[in-house]
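> Return a 3D structure for these sequence lines:
(one chain, ligands or ions: 2)
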Amino acid sequence: MILSLVSWKGGCGKTTSSIHFAALLAARGSTMLVDEDRSRNASNWVSRGEAFLPFRAYPPRALGTEARNHEHIVIDTRGGLEDQDLIDLYDNSDLVIVPAVAESMTLEALVNTANTLRTQGRELSKLRVLFTMARRSTGKTDKVAEGKAAVHELGISTLSTNIRATEAFKDACDAGRLVRDTRNPVGKLAWMDYQRSFRELIA
Ligand SMILES: Nc1ncnc2c1ncn2[C@@H]1O[C@H](COP(=O)(O)OP(=O)(O)OP(=O)(O)O)[C@@H](O)[C@H]1O
Ligand SMILES: [Mg+2]
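Numbers count the residues shown, from 1 in each chain. Ligands and ions are numbered 1, 2, ... in the order given. Purely as a prediction, here's the structure:
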């Protein structure tokens, strides 16, 4: 399976989600993570914790030689892909996950993405929006629920599981580990969020 992580707004959880989905895929078959972002965040995360992670990260140029050695490929992209890069990625992926934080700027960016794909004749059936950094709703407003409704109006699927907001992800990144392996007890719950969303993805 080729799973790509894309978002037009930066800092929505592409790299964090790439790491955790790659770990979940690795339990089902050999998995490589392709780091297409020049910041090399994913590669650095993996290199800090190679002993703890069940997959390795590669630069895009390694795809030609390494893809055949792996059953699954996770692609972590940089924010704001050019239209043609987006279309190529979409065409070459089985699923494209769009991590999103429930706020209006994210949703505006998603409208642009949907338009780009649609005007190039692509249906949006491979897209799945995953709400990350989700906080418990306070009082009457549930921003994630509102965000999901707005995404559905665009004709795009969302995962029903959200990834909760927790500092454990920063600890995981610093230590080169998965969120379940941090000292923060919420890390175990956050890992369960990724497990649940993964089950939805592959269902
Ligand atoms: N569920 C979460 N709860 C709290 N913080 C999170 C969560 N997911 C990611 N983060 C933090 O948010 C920041 C951005 O996450 P990440 O690097 O995964 O996003 P990105 O989309 O890859 O960013 P970029 O556009 O820079 O590549 C990081 O500091 C990360 O630790
Ligand atoms: Mg990133």
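> did I read that right, Ala172 in a helix?
Yes: counting by DSSP: H, G, I helix; E, B strand; the rest coil, Ala172 is found in a helix.
> Might you report the residue contacts of the residue of the chain found nearest ligand 2?
Closest to ligand 2 within the chain is Thr15: 3.3 Å, counting by CB to the ion. In short, each C-beta sits where N, CA and C put it, glycine included. Counting by CB atoms under 8 Å, 6 or more residues apart in numbering, Thr15 makes contact with 5, 37, 41-42, 45, 76, 173.
> at 10 Å instead, please
Applying CB atoms under 10 Å, 6 or more residues apart in numbering to Thr15 gives the contacts 5, 33, 35, 37, 39-45, 76-78, 99, 169, 173.
> and if you look at Ser30?
With contacts defined as CB under 10 Å, 6+ apart, Ser30 is in contact with 54-56, 69-72.
> Tell me which of those fall in strands.
The members of those that map onto strands under DSSP state E are 56, 72.
> can you narrow the contacts of Thr15 to ones near ligand 2?
Contacts with ligand 2 within those, counted by CB under 5 Å from the ion: Asn41.
> Show me just the buried residues among the contacts of Thr15.
5, 33, 35, 37, 41-43, 45, 76-78, 99, 169, 173 (16 or more other CB atoms under 10 Å).
> Where helices are concerned, which of these count?
Members of these lying in helices (criterion: DSSP state H): 41-43, 45, 169, 173.
> closest to ligand 1 among those?
Nearest to ligand 1 among these: Phe169, at 4.0 Å, using CB to the nearest ligand atom.
> Now compare the contacts of Ser30 and name the two farthest from each other.
Greatest spatial distance in the contacts of Ser30: Pro54 and Asn69, 14.8 Å, computed using CB to CB.
> Show me what from the chain comes close to ligand 1.
Contact residues, the chain versus ligand 1 (CB under 6 Å from any ligand atom): 7, 10-16, 37, 41, 79, 132-133, 163, 165-166, 169-170, 173.
> Could you rerun that using 8 Å?
Residues of the chain lying close to ligand 1 by CB under 8 Å from any ligand atom are 5, 7, 9-19, 37, 39, 41-42, 76, 78-79, 99, 132-134, 163-170, 172-173, 190, 193.
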